[in-house]
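J.: Following is a predicted model, sequence given first.
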Amino acid sequence: MGLTHGRRFLFAMVCSIAVATIYVAQPVLAQIGRDVGVPKPDLGWIVAVGQLGYLVGLAVLVPLGDMLDRRKLIAGQLLLAAVGMMVAAIAPGPRLLLIGLAATGLFAVVVQTTVAFAADLSTPAERGRTLGIVTSGVIIGILGARVLAGILADLWGWRSVYVALMLLLIVLSIAVLKQLPADHRSNRRTYGDVLTSLGHLFRKPLFISRGMIAFFLFASFGTLWSGLALPLAAQPWQLSAAQIGMFGVAGLAGALGAARAGRWADIGRANPVTGAALALLALSWIASGQATWSLWLVVVGVIGLDFAVQAAHVSNQSLLTATYSDQTSSAIGGYMIFYSLGSALGATATTMIFSTSGWAGCVVLGASFALCGLLTWALSRRTVKRTQRDTAAHRSVRTGTTQTGG
(Lines give C-alpha, C1' and ligand atoms only; values in the text may rest on other atoms or scores of the structure.)
Protein backbone atom coordinates (compact mmCIF):
# COMPACT_ATOMS: atom_id res chain seq x y z
CA MET A 1 0.00 0.00 0.00
CA GLY A 2 2.79 2.43 0.83
CA LEU A 3 2.73 5.87 2.38
CA THR A 4 0.87 8.99 1.26
CA HIS A 5 2.78 12.24 0.80
CA GLY A 6 0.88 13.75 3.73
CA ARG A 7 1.95 11.03 6.13
CA ARG A 8 5.54 11.19 4.95
CA PHE A 9 5.47 14.93 5.66
CA LEU A 10 4.02 14.35 9.14
CA PHE A 11 6.69 11.75 9.92
CA ALA A 12 9.37 14.20 8.77
CA MET A 13 7.86 16.99 10.90
CA VAL A 14 7.84 14.79 14.02
CA CYS A 15 11.50 13.93 13.47
CA SER A 16 12.41 17.55 12.76
CA ILE A 17 10.85 19.07 15.88
CA ALA A 18 11.82 16.23 18.23
CA VAL A 19 15.49 16.28 17.26
CA ALA A 20 15.57 20.09 17.36
CA THR A 21 15.00 19.94 21.12
CA ILE A 22 18.47 18.43 21.57
CA TYR A 23 20.44 20.76 19.30
CA VAL A 24 18.64 24.06 19.69
CA ALA A 25 21.00 25.24 22.43
CA GLN A 26 24.13 25.20 20.27
CA PRO A 27 23.97 28.72 18.74
CA VAL A 28 22.92 30.29 22.08
CA LEU A 29 25.26 28.43 24.44
CA ALA A 30 27.02 31.61 25.54
CA GLN A 31 23.69 33.34 26.27
CA ILE A 32 22.40 30.37 28.30
CA GLY A 33 25.69 30.09 30.19
CA ARG A 34 25.61 33.75 31.23
CA ASP A 35 21.98 33.56 32.32
CA VAL A 36 22.09 30.38 34.42
CA GLY A 37 25.74 30.50 35.50
CA VAL A 38 27.55 27.78 33.51
CA PRO A 39 31.36 28.31 33.08
CA LYS A 40 32.64 28.45 29.48
CA PRO A 41 34.62 25.15 29.60
CA ASP A 42 31.43 23.37 30.76
CA LEU A 43 29.06 24.79 28.13
CA GLY A 44 29.28 21.60 26.08
CA TRP A 45 27.34 19.80 28.81
CA ILE A 46 24.22 21.79 27.95
CA VAL A 47 24.16 19.90 24.65
CA ALA A 48 25.75 16.67 25.88
CA VAL A 49 23.21 16.06 28.68
CA GLY A 50 20.44 15.87 26.09
CA GLN A 51 22.53 13.40 24.09
CA LEU A 52 23.09 11.28 27.19
CA GLY A 53 19.34 11.26 27.92
CA TYR A 54 18.85 10.29 24.29
CA LEU A 55 21.33 7.45 24.74
CA VAL A 56 19.34 6.03 27.67
CA GLY A 57 16.12 6.35 25.68
CA LEU A 58 17.60 4.47 22.74
CA ALA A 59 18.37 1.50 24.96
CA VAL A 60 15.19 1.40 27.07
CA LEU A 61 12.42 3.16 25.10
CA VAL A 62 12.98 2.59 21.37
CA PRO A 63 12.66 -1.23 21.64
CA LEU A 64 9.07 -0.63 22.81
CA GLY A 65 8.34 0.15 19.16
CA ASP A 66 8.69 -3.57 18.37
CA MET A 67 5.87 -4.50 20.78
CA LEU A 68 3.43 -1.55 21.19
CA ASP A 69 1.14 0.53 18.97
CA ARG A 70 3.63 3.05 17.61
CA ARG A 71 0.98 5.69 16.89
CA LYS A 72 0.14 5.97 20.60
CA LEU A 73 3.80 5.56 21.58
CA ILE A 74 4.88 8.45 19.34
CA ALA A 75 2.11 10.75 20.61
CA GLY A 76 2.91 9.99 24.26
CA GLN A 77 6.64 10.54 23.87
CA LEU A 78 6.06 13.86 22.11
CA LEU A 79 4.00 15.05 25.09
CA LEU A 80 6.66 13.94 27.60
CA ALA A 81 9.36 15.70 25.58
CA ALA A 82 7.20 18.85 25.77
CA VAL A 83 7.24 18.58 29.57
CA GLY A 84 11.05 18.49 29.50
CA MET A 85 11.08 21.62 27.33
CA MET A 86 8.81 23.40 29.81
CA VAL A 87 11.15 22.55 32.70
CA ALA A 88 14.16 23.88 30.74
CA ALA A 89 12.28 27.07 29.83
CA ILE A 90 11.55 27.98 33.47
CA ALA A 91 14.86 26.76 34.98
CA PRO A 92 16.43 29.41 37.27
CA GLY A 93 19.80 27.64 37.46
CA PRO A 94 21.93 24.96 35.78
CA ARG A 95 20.62 21.98 37.79
CA LEU A 96 16.97 22.25 36.75
CA LEU A 97 18.02 23.22 33.22
CA LEU A 98 20.08 20.05 32.84
CA ILE A 99 17.29 17.91 34.32
CA GLY A 100 14.80 19.33 31.80
CA LEU A 101 17.19 18.83 28.89
CA ALA A 102 18.04 15.28 29.96
CA ALA A 103 14.32 14.42 30.18
CA THR A 104 13.70 15.93 26.76
CA GLY A 105 16.60 13.94 25.32
CA LEU A 106 15.17 10.77 26.85
CA PHE A 107 11.85 11.15 25.04
CA ALA A 108 13.29 12.68 21.87
CA VAL A 109 14.05 9.08 20.86
CA VAL A 110 10.55 9.29 19.42
CA VAL A 111 12.58 10.10 16.27
CA GLN A 112 13.77 6.51 15.97
CA THR A 113 10.33 5.03 16.63
CA THR A 114 9.03 7.35 13.90
CA VAL A 115 11.71 6.37 11.39
CA ALA A 116 11.09 2.65 12.00
CA PHE A 117 7.30 3.10 11.71
CA ALA A 118 7.71 5.00 8.43
CA ALA A 119 9.99 2.27 7.06
CA ASP A 120 7.52 -0.47 8.00
CA LEU A 121 4.56 1.35 6.41
CA SER A 122 6.49 1.72 3.13
CA THR A 123 6.69 -0.87 0.38
CA PRO A 124 10.18 -2.42 -0.09
CA ALA A 125 10.62 -0.58 -3.40
CA GLU A 126 10.09 2.83 -1.79
CA ARG A 127 11.62 2.24 1.66
CA GLY A 128 14.88 4.02 0.82
CA ARG A 129 13.00 6.99 -0.63
CA THR A 130 10.84 7.20 2.50
CA LEU A 131 13.90 7.07 4.75
CA GLY A 132 15.52 9.79 2.68
CA ILE A 133 12.51 12.10 3.14
CA VAL A 134 11.91 11.30 6.82
CA THR A 135 15.61 11.49 7.72
CA SER A 136 15.75 14.83 5.93
CA GLY A 137 13.38 15.95 8.66
CA VAL A 138 15.99 14.97 11.23
CA ILE A 139 18.70 17.01 9.55
CA ILE A 140 16.32 19.93 8.99
CA GLY A 141 15.53 19.85 12.71
CA ILE A 142 19.19 19.76 13.72
CA LEU A 143 20.15 22.62 11.43
CA GLY A 144 16.91 24.58 11.32
CA ALA A 145 16.96 24.67 15.11
CA ARG A 146 20.00 26.91 14.89
CA VAL A 147 18.21 29.41 12.67
CA LEU A 148 15.10 29.40 14.86
CA ALA A 149 17.11 29.65 18.07
CA GLY A 150 19.22 32.52 16.82
CA ILE A 151 16.22 34.60 15.71
CA LEU A 152 14.04 33.93 18.78
CA ALA A 153 16.93 34.41 21.21
CA ASP A 154 17.74 37.81 19.74
CA LEU A 155 14.07 38.85 19.92
CA TRP A 156 12.89 37.44 23.25
CA GLY A 157 15.79 35.58 24.86
CA TRP A 158 16.82 31.93 24.85
CA ARG A 159 13.87 30.76 26.97
CA SER A 160 11.43 31.65 24.19
CA VAL A 161 13.09 28.98 22.04
CA TYR A 162 12.13 26.24 24.48
CA VAL A 163 8.57 27.57 24.87
CA ALA A 164 8.12 27.52 21.08
CA LEU A 165 9.35 23.93 20.83
CA MET A 166 7.10 22.86 23.70
CA LEU A 167 4.03 24.16 21.86
CA LEU A 168 5.06 22.52 18.58
CA LEU A 169 5.54 19.15 20.30
CA ILE A 170 2.01 19.33 21.74
CA VAL A 171 0.49 20.17 18.34
CA LEU A 172 2.35 17.28 16.69
CA SER A 173 1.19 14.77 19.31
CA ILE A 174 -2.41 15.64 18.45
CA ALA A 175 -1.72 15.41 14.70
CA VAL A 176 -0.14 11.96 15.10
CA LEU A 177 -3.22 10.57 16.85
CA LYS A 178 -5.52 12.01 14.19
CA GLN A 179 -3.53 11.30 11.01
CA LEU A 180 -1.51 8.09 11.45
CA PRO A 181 -2.95 4.57 11.27
CA ALA A 182 -3.17 2.30 14.30
CA ASP A 183 -0.22 -0.06 14.58
CA HIS A 184 -1.79 -3.42 15.41
CA ARG A 185 0.66 -6.25 16.14
CA SER A 186 -0.06 -9.87 15.20
CA ASN A 187 2.77 -11.20 17.37
CA ARG A 188 2.92 -10.41 21.07
CA ARG A 189 6.46 -9.85 22.28
CA THR A 190 7.50 -9.08 25.82
CA TYR A 191 9.84 -6.26 26.78
CA GLY A 192 12.43 -8.90 27.67
CA ASP A 193 12.13 -10.35 24.16
CA VAL A 194 12.79 -7.05 22.41
CA LEU A 195 15.71 -6.18 24.70
CA THR A 196 17.21 -9.61 24.03
CA SER A 197 16.85 -9.13 20.28
CA LEU A 198 18.50 -5.72 20.60
CA GLY A 199 21.39 -7.30 22.48
CA HIS A 200 21.81 -9.93 19.74
CA LEU A 201 22.29 -7.16 17.17
CA PHE A 202 25.51 -6.14 18.90
CA ARG A 203 26.98 -9.49 17.81
CA LYS A 204 26.29 -8.82 14.13
CA PRO A 205 29.30 -7.54 12.11
CA LEU A 206 27.13 -5.44 9.74
CA PHE A 207 25.33 -3.78 12.63
CA ILE A 208 28.58 -3.02 14.47
CA SER A 209 30.27 -1.59 11.38
CA ARG A 210 27.30 0.71 10.59
CA GLY A 211 27.18 1.71 14.26
CA MET A 212 30.88 2.63 14.38
CA ILE A 213 30.51 4.63 11.18
CA ALA A 214 27.60 6.49 12.82
CA PHE A 215 29.74 7.10 15.92
CA PHE A 216 32.54 8.77 13.94
CA LEU A 217 30.12 10.45 11.53
CA PHE A 218 28.21 12.28 14.25
CA ALA A 219 31.28 12.94 16.39
CA SER A 220 32.60 14.90 13.41
CA PHE A 221 29.20 16.54 12.89
CA GLY A 222 28.98 17.47 16.58
CA THR A 223 32.49 18.89 16.52
CA LEU A 224 31.56 21.37 13.79
CA TRP A 225 28.18 22.44 15.11
CA SER A 226 29.11 22.58 18.79
CA GLY A 227 32.28 24.52 18.10
CA LEU A 228 31.57 26.73 15.09
CA ALA A 229 29.73 29.36 17.11
CA LEU A 230 32.87 29.99 19.17
CA PRO A 231 35.18 31.38 16.43
CA LEU A 232 32.26 33.15 14.75
CA ALA A 233 31.35 34.98 17.97
CA ALA A 234 35.00 35.96 18.56
CA GLN A 235 37.31 38.36 16.71
CA PRO A 236 37.34 39.32 13.88
CA TRP A 237 33.68 38.44 13.17
CA GLN A 238 31.82 38.93 16.48
CA LEU A 239 28.58 37.64 14.95
CA SER A 240 25.29 37.68 16.87
CA ALA A 241 23.33 34.53 17.77
CA ALA A 242 20.94 35.16 14.86
CA GLN A 243 23.82 35.58 12.40
CA ILE A 244 25.51 32.41 13.63
CA GLY A 245 22.21 30.55 13.39
CA MET A 246 21.93 31.50 9.72
CA PHE A 247 24.83 29.16 8.92
CA GLY A 248 22.27 26.43 9.49
CA VAL A 249 20.64 27.52 6.20
CA ALA A 250 23.80 26.48 4.35
CA GLY A 251 23.69 23.17 6.19
CA LEU A 252 20.06 22.69 5.16
CA ALA A 253 21.02 23.10 1.49
CA GLY A 254 23.60 20.36 1.83
CA ALA A 255 21.34 18.03 3.79
CA LEU A 256 18.36 18.37 1.45
CA GLY A 257 20.63 17.77 -1.53
CA ALA A 258 21.55 14.41 -0.05
CA ALA A 259 17.93 13.24 0.30
CA ARG A 260 18.47 11.41 -2.98
CA ALA A 261 20.65 8.96 -1.06
CA GLY A 262 17.47 7.06 -0.26
CA ARG A 263 16.77 6.49 -3.97
CA TRP A 264 20.36 5.32 -4.45
CA ALA A 265 19.84 2.84 -1.62
CA ASP A 266 16.70 1.49 -3.32
CA ILE A 267 18.82 0.48 -6.34
CA GLY A 268 21.56 -1.16 -4.27
CA ARG A 269 24.14 1.63 -3.97
CA ALA A 270 23.90 2.27 -0.23
CA ASN A 271 27.40 1.07 0.67
CA PRO A 272 29.33 2.92 -2.12
CA VAL A 273 27.41 6.09 -1.25
CA THR A 274 28.47 5.74 2.39
CA GLY A 275 32.15 5.52 1.43
CA ALA A 276 31.98 8.52 -0.91
CA ALA A 277 30.12 10.54 1.74
CA LEU A 278 32.76 9.83 4.40
CA ALA A 279 35.52 10.94 2.02
CA LEU A 280 33.60 14.18 1.38
CA LEU A 281 33.15 14.64 5.13
CA ALA A 282 36.92 14.55 5.68
CA LEU A 283 37.55 16.99 2.81
CA SER A 284 34.90 19.44 4.08
CA TRP A 285 37.05 20.18 7.13
CA ILE A 286 39.67 21.84 4.89
CA ALA A 287 37.13 24.57 4.08
CA SER A 288 35.58 24.75 7.57
CA GLY A 289 39.05 25.14 9.03
CA GLN A 290 39.31 28.63 7.53
CA ALA A 291 36.70 30.09 9.91
CA THR A 292 39.11 32.63 11.36
CA TRP A 293 39.52 34.47 8.04
CA SER A 294 36.87 33.39 5.46
CA LEU A 295 33.14 33.05 6.06
CA TRP A 296 32.53 31.91 2.46
CA LEU A 297 34.82 28.93 2.90
CA VAL A 298 32.96 28.09 6.10
CA VAL A 299 29.72 28.03 4.08
CA VAL A 300 31.32 25.63 1.58
CA GLY A 301 32.53 23.41 4.41
CA VAL A 302 29.12 23.41 6.11
CA ILE A 303 27.32 22.42 2.88
CA GLY A 304 29.82 19.63 2.21
CA LEU A 305 29.69 18.29 5.76
CA ASP A 306 25.91 18.21 5.99
CA PHE A 307 25.52 16.66 2.53
CA ALA A 308 27.98 13.94 3.57
CA VAL A 309 26.34 13.28 6.93
CA GLN A 310 22.85 13.00 5.47
CA ALA A 311 23.93 10.72 2.61
CA ALA A 312 25.84 8.35 4.89
CA HIS A 313 23.12 8.34 7.54
CA VAL A 314 20.30 7.49 5.12
CA SER A 315 22.41 4.81 3.45
CA ASN A 316 23.28 3.21 6.78
CA GLN A 317 19.65 3.10 7.89
CA SER A 318 18.54 1.69 4.54
CA LEU A 319 21.01 -1.17 4.91
CA LEU A 320 19.91 -1.89 8.46
CA THR A 321 16.14 -1.82 7.86
CA ALA A 322 16.54 -4.04 4.80
CA THR A 323 18.72 -6.54 6.66
CA TYR A 324 16.79 -6.59 9.96
CA SER A 325 13.28 -6.07 8.60
CA ASP A 326 11.68 -8.07 11.44
CA GLN A 327 13.03 -5.74 14.16
CA THR A 328 13.32 -2.32 12.60
CA SER A 329 12.75 -0.35 15.83
CA SER A 330 15.50 -2.24 17.66
CA ALA A 331 17.88 -1.98 14.68
CA ILE A 332 17.38 1.78 14.30
CA GLY A 333 17.45 2.37 18.06
CA GLY A 334 20.62 0.33 18.54
CA TYR A 335 22.32 2.06 15.61
CA MET A 336 21.43 5.43 17.08
CA ILE A 337 23.13 4.53 20.37
CA PHE A 338 26.39 4.91 18.46
CA TYR A 339 25.11 8.18 16.97
CA SER A 340 24.29 9.55 20.42
CA LEU A 341 27.67 8.61 21.89
CA GLY A 342 29.44 10.21 18.94
CA SER A 343 27.41 13.41 19.17
CA ALA A 344 28.00 13.68 22.92
CA LEU A 345 31.74 13.16 22.44
CA GLY A 346 31.87 15.80 19.71
CA ALA A 347 29.95 18.34 21.83
CA THR A 348 32.01 17.95 25.02
CA ALA A 349 35.43 17.51 23.42
CA THR A 350 35.04 20.52 21.13
CA THR A 351 34.42 23.16 23.78
CA MET A 352 37.29 21.83 25.90
CA ILE A 353 39.72 21.70 22.97
CA PHE A 354 38.73 25.16 21.78
CA SER A 355 39.63 26.60 25.18
CA THR A 356 43.18 25.18 24.88
CA SER A 357 43.95 24.87 21.13
CA GLY A 358 41.47 27.19 19.43
CA TRP A 359 39.58 26.42 16.25
CA ALA A 360 42.61 24.74 14.66
CA GLY A 361 42.47 22.04 17.33
CA CYS A 362 38.76 21.51 16.69
CA VAL A 363 39.40 21.13 12.96
CA VAL A 364 42.01 18.42 13.55
CA LEU A 365 39.58 16.65 15.87
CA GLY A 366 36.65 16.76 13.42
CA ALA A 367 38.76 15.64 10.46
CA SER A 368 40.22 12.78 12.52
CA PHE A 369 36.73 11.52 13.35
CA ALA A 370 35.84 11.61 9.63
CA LEU A 371 38.95 9.65 8.64
CA CYS A 372 38.25 7.03 11.32
CA GLY A 373 34.76 6.60 9.85
CA LEU A 374 36.23 6.19 6.36
CA LEU A 375 38.68 3.56 7.63
CA THR A 376 35.84 1.65 9.33
CA TRP A 377 33.87 1.67 6.07
CA ALA A 378 36.86 0.38 4.08
CA LEU A 379 37.50 -2.47 6.52
CA SER A 380 33.84 -3.54 6.52
CA ARG A 381 33.15 -3.68 2.77
CA ARG A 382 33.40 -7.47 2.54
CA THR A 383 31.13 -7.89 5.56
CA VAL A 384 28.44 -5.77 3.89
CA LYS A 385 28.61 -7.71 0.62
CA ARG A 386 28.44 -11.05 2.42
CA THR A 387 25.48 -9.95 4.56
CA GLN A 388 23.59 -8.62 1.54
CA ARG A 389 24.11 -11.95 -0.27
CA ASP A 390 22.90 -13.92 2.73
CA THR A 391 19.85 -11.67 3.20
CA ALA A 392 18.88 -11.97 -0.48
CA ALA A 393 19.27 -15.77 -0.35
CA HIS A 394 17.17 -15.99 2.82
CA ARG A 395 14.39 -13.92 1.29
CA SER A 396 14.46 -16.02 -1.87
CA VAL A 397 14.08 -19.23 0.13
CA ARG A 398 11.32 -17.72 2.30
CA THR A 399 9.43 -16.45 -0.77
CA GLY A 400 9.73 -19.83 -2.48
CA THR A 401 8.46 -21.60 0.63
CA THR A 402 5.49 -19.24 0.90
CA GLN A 403 4.55 -19.72 -2.76
CA THR A 404 4.83 -23.50 -2.47
CA GLY A 405 2.70 -23.46 0.65
CA GLY A 406 0.11 -21.35 -1.15
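T.: Everything's here; your move.

J.: What's the local residue count around Trp237?
T.: Trp237 is flanked by 15 other residues according to other Cβ atoms under 10 Å. Heads up, the C-betas are built off the backbone N, CA and C, glycines and all.

J.: Nearest residue to it in space, ignoring adjacent ones along the chain?
T.: Leu295 (7.1 Å; Cβ to Cβ, 6 or more residues apart in numbering).

J.: I figured the one you found was touching Pro236, is that so?
T.: No. Counting by Cβ atoms under 8 Å, Leu295 does not reach Pro236; the two are 10.3 Å apart.

J.: Between these two, tell me which one has more neighbours.
T.: Shown here are Leu295 and Pro236; by other Cβ under 10 Å, Leu295 has more neighbours (13 against 7).

J.: how close does that one get to Leu232?
T.: 8 Å (Cβ to Cβ, to the nearest Å).

J.: again, but for Asp120
T.: 41 Å.

J.: Which of those two has more residues huddled nearby?
T.: Leu232 (20 against 16).

J.: List the contacts of the more buried one.
T.: Contacts for Leu232 (Cβ atoms under 8 Å, 6 or more residues apart in numbering) come out as 239, 243-244, 247, 291, 298.

J.: Which ones among those residues lie within helices?
T.: 243-244, 247, 298 (DSSP state H).

J.: Which residue in these has the weakest pLDDT?
T.: Taken together, the ones in helices among the contacts of Leu232 show their lowest pLDDT at Ile244, with 77.

J.: Do I have it right that it meets Ala234?
T.: No. Ile244 is not in contact with Ala234 according to Cβ under 8 Å; the separation is 11.1 Å.

J.: okay, these two: which has more neighbours?
T.: Remark: of Ile244 and Ala234, Ile244 carries more neighbours, 23 against 15, as counted by other Cβ under 10 Å.

J.: what about the residue lying closest to Thr190 once chain neighbours are set aside, distance to Ala182?
T.: Distances taken as Cβ to Cβ, 6+ apart put Met67 closest to Thr190, at 7.2 Å, once the chain neighbours are dropped. Distance of Met67 to Ala182, computed by Cβ to Cβ: 15 Å.

J.: that older thread, just the ones in helices among the contacts of Leu232 now: which is nearest Trp158?
T.: Ile244 (13.1 Å; Cβ to Cβ).

J.: returning to what we had before: and the contacts of Leu232, which two are furthest apart?
T.: Farthest-apart pair in the contacts of Leu232 is Gln243 and Ala291; separation 13.4 Å (Cβ to Cβ).

J.: These two - which one has more neighbours?
T.: The residue with more neighbours, out of Gln243 and Ala291, is Ala291; 25 against 16, by other Cβ under 10 Å.

J.: all helices in the stretch 51-200 of the chain, in order from the N-terminus.
T.: Assigned helices in the stretch 51-200 of the chain, in chain order: 70-90, 94-107, 110-121, 127-156, 159-179, 191-201 (criterion: DSSP state H, counting those that start in this stretch).

J.: Return the list of helices and strands in contact with the shortest one.
T.: Which is helix 191-201. Applying 3 or more Cβ pairs under 8 Å, 6 or more residues apart in numbering; DSSP states H and E, one finds that helix 191-201 contacts helix 328-379.

J.: next one: the third one
T.: Under the contact criterion of 3+ Cβ pairs under 8 Å, 6+ apart, helix 110-121 touches helix 5-23, helix 70-90, helix 127-156, helix 295-323, helix 328-379.

J.: how about a cut-off of 7 Å?
T.: helix 5-23, helix 70-90, helix 127-156, helix 328-379 (3 or more Cβ pairs under 7 Å, 6 or more residues apart in numbering; DSSP states H and E).

J.: quick one: the second one to helix 110-121, angle?
T.: Angle of helix 70-90 versus helix 110-121, following axes from the mean of the first three to the mean of the last three Cα atoms, to 10 degrees, is 160 degrees.

J.: Helix 70-90 vs helix 94-107, what angle?
T.: 170 degrees.

J.: Give me the contact list for helix 70-90.
T.: Applying Cβ atoms under 7 Å, 6 or more residues apart in numbering, the external contacts of helix 70-90 come out as 14, 18, 21, 64-65, 96-97, 99-101, 103-104, 107-108, 110, 113-114, 117, 159, 162-163, 165-166, 169-170, 172-173, 176-177, 180-183.

J.: Now list the buried members of these.
T.: When the contacts of helix 70-90 are checked for burial by 16 or more other Cβ atoms under 10 Å, the buried set is 14, 18, 21, 64-65, 97, 99-101, 103-104, 107-108, 110, 113-114, 117, 159, 162-163, 165-166, 169-170, 172-173, 176, 180, 183.

J.: How about the residue nearest to the spatial centre of the chain, nearest residue that isn't a chain neighbour?
T.: In the chain, the centroid-proximal residue (Cα atoms, centre = their mean) is Val138; its distance is 5.8 Å. For Val138, ignoring the flanking residues on the chain, the nearest one in space by Cβ to Cβ, 6+ apart is Cys15 at 4.7 Å.

J.: Counting neighbours, what do you get for the one you found?
T.: For Cys15, the neighbour count with other Cβ under 10 Å is 27.

J.: from memory it sits against Ala116, does it?
T.: No. Cys15 lies out of contact with Ala116 (Cβ atoms under 7 Å); the separation is 11.3 Å.

J.: what does stretch 38-54 contact?
T.: By Cβ under 7 Å, 6+ apart, stretch 38-54 touches 22, 25-26, 29, 32-33, 94, 98, 101-106, 108-109, 226, 340, 343-344, 347-348, 350-352, 355.
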